[in-house]
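> Below are the sequence and a predicted model; questions follow.
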Amino acid sequence: MTGRIYTADHKVYELPPLLSWEVTHTGTVPCDSFSVTFLFQREMAPMLRGAAGFVAEDRGQVMLRAVVDEYTVDLNGGGLTATVNGRGYAARLLDNESRPVTYQQATLEEILRNHAEPYGLTCKGTAGLRAGVDYTVAAGSSQWKAVENFCRTFGGFSPRFSREGELLAGPEEVGRTLVIGGHTPVLGCTLREDHYGVATEVLVIDKTQNKSFSVKNQERIDGGGQCRRVVYTPGQSTWDAMRYTGEYQIQKSREDAWAAEVILPGSFLAFPGDRAELSLERMGLLGTFRVAEAENRFSQREGATAALTLKPLLERK
């Protein structure tokens with residue numbers, strides 16, 4: 001992998017060969033992220049002070065466009081090195097707060113134009129998506145939350161970012177499938193199941209209209225769980241929107257209850273939205289799962305590895 005730095009005054013610098021690097025793709029929040037380390041020379045100081053953007057490329061393909069958050073210069077037994085860290089373009093929306101505003105039957109294009117495009121983002125939205133009722137962005141909400149809540153409430157999906165930094169405001173598209181079986185050189189595998197936080201009931205309340213709607217997770221209730229969540233929606237919510245909000249919260253809590261991490265040799269083997277077909281009988285892992293996160297690492301000592309976090313397939317509503 002190679003790295004390139006963009007400075008605030010629009011200069012571009014190719015980084016020297018990377019001694020180690022880490023690129024993590026989530027596609028959403030928490031942000032994609034990166035960390036790269038290389039040999040430092042005194043002449044690089046102005047470049048690091050002005051560093052604003054970063055691009056990672058692998059075999060000529062862009063793996064990540066990101067903002068630079070931090071750099072450090074270290075002198076130790078390994079010599080004089082510099083490390084640059086940062087986050088994907090979701091940071092541009094997370095780091096900026098929206099003013100409180102209420103829209104009357106807003107369209108997705110209007111939301112993206114007001115809450116995403118001013119921050120230098122290229123957006124790809126679902127044409128024709130419109131709120132049937134007023135949509136309120138509460139005080140203290142980030143621009144990300146303004147976009148995400150609209151997409152989630154009226155479209156039934158969460159927005160994501162491509163590796164090129166484009167905001168994808170539409171349902172997730174199914175990617176490629178990676179087969180991991182008995183002959184795959186698996187370096188490590190961890191299975192985790194945690195019922196903490198799995199909602200048994202979500203009570204959705206619209207305080208403006210004094211309405212409420214309860215959605216229950218009967219499977220978890222039958223399993224002895226007891227965890228209620230209360231969610232307040234923007235004013236004048238429809239019953240469909242309130243039901244979806246409750247179902248979405250239960251689905252997300254259920255999704256986070258189960259995860260498997262598989263570590264493989266190589267890098268950039270899969271990305272969020274891809275599928276992993278597992279046949280690891282010793283672990284009891286059989287079936288097809290969604291790649292939720294992909295952490296790619298390289299060091300001169302250990303080589304390249306890819307740690308894939310897998311979760312159950314999302315239910316289509």
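Good, I have the coordinates.
> Please report phi then psi for the closest residue to Ala90 other than its chain neighbours.
Among residues not flanking Ala90 along the chain, Cys31 sits closest, at 4.5 Å (Cβ to Cβ, 6 or more residues apart in numbering). From N, CA and C alone the C-beta is placed, and that goes for glycine too. Reported as degrees, to the nearest 10, the phi and psi values for Cys31 are phi -60, psi 160.
> same question, the one 5 residues further on
Phi and psi for Val36, reported as degrees, to the nearest 10, are phi -130, psi 140.
> Could you check how far it is from Thr305?
Here the distance between Val36 and Thr305 works out to 16 Å (Cβ to Cβ, to the nearest Å).
> Comparing those two, which shows the higher neighbour count?
Val36 (24 against 18; other Cβ atoms under 10 Å).
> Just to check, the more buried one is in contact with Thr72?
No - using Cβ atoms under 8 Å, Val36 makes no contact with Thr72, being 11.6 Å away.
> Mind jotting down where the helices sit in this structure?
45-49, 90-94, 108-115, 143-155, 218-222, 239-255 (DSSP state H).
> so what secondary structure elements neighbour the first one?
When contacts are defined as 3 or more Cβ pairs under 8 Å, 6 or more residues apart in numbering; DSSP states H and E, helix 45-49 packs onto strand 2-7.
> Val202 against Gly246, yeah?
Yes - contact criterion Cβ under 8 Å: Val202 and Gly246 qualify, at 4.0 Å.
> Find the residues that touch each one of those two.
Ser214, Val215, Val231 (Cβ atoms under 8 Å, 6 or more residues apart in numbering).
> Which one of those residues sits in the busiest neighbourhood?
Val215 (21 neighbours).
> list the contacts for that residue?
Glu201, Val202, Val204, Arg243, Gly246, Glu247, Gln249, Ile250.
> any idea how far His195 is from Gln226?
From His195 to Gln226 the distance is 11 Å (Cβ to Cβ).
> more neighbours, these two?
His195 (14 against 8).
> so what's the more buried one closest to, chain neighbours aside?
Ala257 (5.8 Å).
> Over to the one you found: give its phi and psi.
Taking degrees, to the nearest 10 as the convention, Ala257 sits at phi -80, psi -20.
> Next one, pLDDT for it please.
For Ala257, the pLDDT comes out at 83.
> need the contact list for it.
Contacts were defined as Cβ under 8 Å, 6+ apart; by that measure Ala257 touches Glu193, Asp194, His195, Gly197, Val198.
> Output those in JSON lines, with pLDDT and distance to Val179 appended to each entry.
Below are the contacts of Ala257 laid out as JSON lines (pLDDT from 0 to 100; distance: Cβ to Cβ, whole Å):
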{"residue": "Glu193", "pLDDT": "88", "distance to Val179": "23"}
{"residue": "Asp194", "pLDDT": "84", "distance to Val179": "27"}
{"residue": "His195", "pLDDT": "81", "distance to Val179": "30"}
{"residue": "Gly197", "pLDDT": "81", "distance to Val179": "32"}
{"residue": "Val198", "pLDDT": "87", "distance to Val179": "30"}
